[in-house]
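Colleague: Quick one, what's the 3D model for this:
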Amino acid sequence: MQRAPSVSRQLVIAVAVPLLLSFLLMIAVLDGIFRESATRALRERLDQEVISLVTATELTDSGTMDLRLLDPESRLSRRRSGQYAEVRTAAGKVLWASPSLAGLPVNFGAAVGKGQASFFTLTLADGTELGILNRGLEWDYAPGQDAELVFSVAEDLEGQNARLWHFRRQLCLWFGALAVLLLAVLGALLRRVLRPIHRLEQEIAEVDSGQRAQLGDGYPRELTGVARALNALLGSEQRRIRRYRDTLGNLAHSLKTPLSVIRTAAAGDAAQRAGINREIDRMAQIVDRQLQRAAMSGGATLGQSAVQVAPVFAELRVAMRKVHAHKDLVIEVEVESGAGFVGDRGDLLEVLGNLLDNSCKWCRHTVRVRARLDPVLPAARNLTIRVEDDGPGIAPDLRRRVLDRGVRADERAPGHGLGLAMVADTIALYGGELLISESPTLHGACLDLALPGRELGAGVVTS
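Modeller: Next up is the predicted model:
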């Protein structure tokens, strides 16, 4: 199996490549600047040599050169000293050549006109590189007589090239050291920056091995959403497992009564056996219901779509009217048409169905339902639903206990005491909240739910 590429390595490469390219570009630019500066300095020195030659030169009336220069210590006086000079006419006739040129064939190039100058480099047969400057001048050597002369000077570039290579080595050395230092600092910074990712990887491995249930806190802002989403996914799976366990318990509890009836009627007459068949049908319905409940989502998961709430209330309103047709029942529904529940539609039907059924069962005449999105609340609890009735209500000391399995507010009433417990379990699976109080307007029971919601549209549906 091919090993996945390292993020830190890719980041180092992504930063190192442009960094090194920029350093190389800077070295090239600085080298060019240094070479240009050295060449300019060379031309200035050669210009000074030309001025020195002109100052020390005289042209006689006969047109011959009279050079009064040369200091014996001058480089022009020493053979192959690295500095050379020549004076010639515009026609190319050499009037004077420096002693340093003895035995050295130097081609100073074509003559230039008066007031003009040329500069070029020349490599001799032995590999010596020279910088050569030619400058044309007009010389008045007698009344009404003048001549065009070309002063040529040359200098060995060995010293300049040595300085240039020394400068290049220094550039490469310093920029190389700087690149190594920057890459080392970058590696240290990346290790520090990527530490939360390594921690995330380690905690995921610990979750996978069962050493921890969820990821920890304290991640940077960029990873907080990832950690939260992973925790939501892990929590969803844990709640799903608990839901399966509770569903099996509910199924076992729900089958106790039918099994007792079957056991009693097993030895009875035909009417009792017909009762057995009814109880068997009831058991099958219970099994189907609990299996369907076990297959439900078990809480909001990543990428969960939203279910529109208004149609669910409309469907339940019709069903409650049929179930409690013996009552003169008024069910008032006020729901924001754009309110959506982020979760499974079956879970929402079960929760609201249980609450509405309880309210319709205990009310005298009126059941009122309201649902809306509260943007102030966090997304996990911004869908608020209130179900209230004008019945006897739930005593304060029982409001927490009725959410436990098997506890009923009125022991004389039929039932198993599982309805509100199942509602509380389902709401807890979604990270929501269920509060029981007294209705401020109808003075019966008031149940407030907070569930994850999302805006789907606009408007209010009342009926």
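Colleague: what's across from Ile385 in the sheet?
Modeller: Ile385 has the following beta-bridge partners by DSSP bridges: Ala371, Leu449.
Colleague: residues touching it, list them.
Modeller: Applying Cβ atoms under 8 Å, 6 or more residues apart in numbering, we find Ile385 in contact with Val309, Leu352, Val369, Arg370, Ala371, Asp448, Leu449, Leu451. The C-beta positions use only the backbone N, C-alpha and C, and glycine is treated the same way.
Colleague: Kindly recompute the last result at 7 Å.
Modeller: By Cβ atoms under 7 Å, 6 or more residues apart in numbering, the contact set of Ile385 is Ala371, Leu449, Leu451.
Colleague: Check Leu11 too.
Modeller: Residues in contact with Leu11 (Cβ under 7 Å, 6+ apart) are Leu190.
Colleague: Kindly indicate whether it is helix, strand or coil.
Modeller: helix (DSSP: H, G, I helix; E, B strand; the rest coil).
Colleague: ok, the contacts of Ile385 vs His443, which is closest?
Modeller: Leu449 (19.9 Å; Cβ to Cβ).
Colleague: ok, that closest one to Pro392 distance?
Modeller: Going from Leu449 to Pro392 by Cβ to Cβ, to the nearest Å gives 21 Å.
Colleague: Compare neighbour counts for the two and give me the winner.
Modeller: Comparing Leu449 with Pro392 by other Cβ atoms under 10 Å, the one with more neighbours is Leu449, at 21 against 14.
Colleague: For Glu388, see how far away the more buried one is.
Modeller: Going from Leu449 to Glu388 by Cβ to Cβ gives 12 Å.
Colleague: How about Asp448?
Modeller: Between Asp448 and Glu388 the computed distance is 9 Å (Cβ to Cβ).
Colleague: quick one: which of the two has more around it?
Modeller: Shown here are Asp448 and Glu388; by other Cβ under 10 Å, Glu388 has more neighbours (26 against 15).
Colleague: who's in contact with the closest residue to that one other than its chain neighbours?
Modeller: Leaving aside its sequence neighbours, Glu388 sits nearest to Ser439 (Cβ to Cβ, 6 or more residues apart in numbering; 3.8 Å). Contacts for Ser439 (Cβ under 7 Å, 6+ apart) come out as Glu388, Asp389, Ala445, Cys446.
Colleague: Need the pLDDT of the first one.
Modeller: In this case it means Glu388. Looking at Glu388, its pLDDT is 94.
Colleague: So for the helix or strand containing it, what gets flagged as buried?
Modeller: Assessed by DSSP states H and E, Glu388 sits inside strand 383-389. Going by neighbour count (16 or more other Cβ atoms under 10 Å), the buried part of strand 383-389 is Leu383, Thr384, Ile385, Arg386, Val387, Glu388, Asp389.
Colleague: what are the phi and psi angles of the residue nearest to Glu388?
Modeller: Main-chain torsions, Ser439, degrees, to the nearest 10: phi -70, psi 130.
Colleague: again with Ser98
Modeller: Torsion angles, degrees, to the nearest 10, at Ser98: phi -70, psi 150.
Colleague: same question, Leu157
Modeller: The phi/psi pair for Leu157 (degrees, to the nearest 10) is phi -90, psi 10.
Colleague: SS state for the closest residue to Gly115 other than its chain neighbours?
Modeller: What sits nearest to Gly115 in space, not counting adjacent residues and going by Cβ to Cβ, 6+ apart, is Gly136, at 6.4 Å. Recorded secondary structure, Gly136: strand (three-state DSSP).
Colleague: For Gly136, give me the pLDDT.
Modeller: 90.
Colleague: For Phe167, see how far away it is.
Modeller: 34 Å.
Colleague: who does the residue nearest to Gly115 bridge with?
Modeller: Here Gly136, judged by DSSP bridges, has bridge partners Lys114, Val150.
Colleague: Was I right to think it contacts Gly113?
Modeller: Yes. At 5.0 Å, Gly136 and Gly113 qualify as touching, with contact defined as Cβ atoms under 7 Å.
Colleague: These two: which is more packed in?
Modeller: Higher neighbour count among Gly136 and Gly113: Gly136, with 17 against 11, using other Cβ under 10 Å.
Colleague: give the contact list for that one.
Modeller: So Gly136 contacts Val112, Gly113, Lys114, Gly115, Gln116, Glu148, Val150 (Cβ under 7 Å, 6+ apart).
Colleague: Ok, Asp390 next?
Modeller: With Cβ under 7 Å, 6+ apart, Asp390 has these contacts: Cys363, Arg364, His365, Thr366, Leu442, His443, Gly444.
Colleague: And for the second one, the neighbour number?
Modeller: Taking other Cβ under 10 Å as the criterion, the count of residues near Arg364 is 14.
Colleague: Look up the closest residue to it, ignoring the ones flanking it.
Modeller: Counting by Cβ to Cβ, 6+ apart, the residue nearest Arg364 is Asp390, at 5.1 Å.
Colleague: Could you measure from the one you found over to Leu355?
Modeller: 15 Å.
Colleague: Check Glu58 too.
Modeller: Counting by Cβ to Cβ, the gap from Glu58 to Leu355 is 123 Å.
Colleague: Name the helix or strand for Val312, please.
Modeller: According to DSSP H and E, Val312 maps onto helix 309-323.
Colleague: Can you list the strands that the helix or strand following that helix pairs with?
Modeller: Using DSSP H and E, the helix or strand that follows helix 309-323 towards the C-terminus is strand 330-336. Next to strand 330-336 in the sheet, as set by DSSP bridges, lie strand 366-373 (parallel), strand 460-462 (antiparallel).
Colleague: could I get those as JSON lines with mean neighbour count, distance to Arg321 and mean pLDDT?
Modeller: Below are the strands paired with strand 330-336 laid out as JSON lines (neighbours: other Cβ atoms under 10 Å; distance: least, Cβ to Cβ, whole Å; pLDDT from 0 to 100):
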{"stretch": "strand 366-373", "mean neighbour count": "21", "distance to Arg321": "11", "mean pLDDT": "93"}
{"stretch": "strand 460-462", "mean neighbour count": "14", "distance to Arg321": "17", "mean pLDDT": "51"}
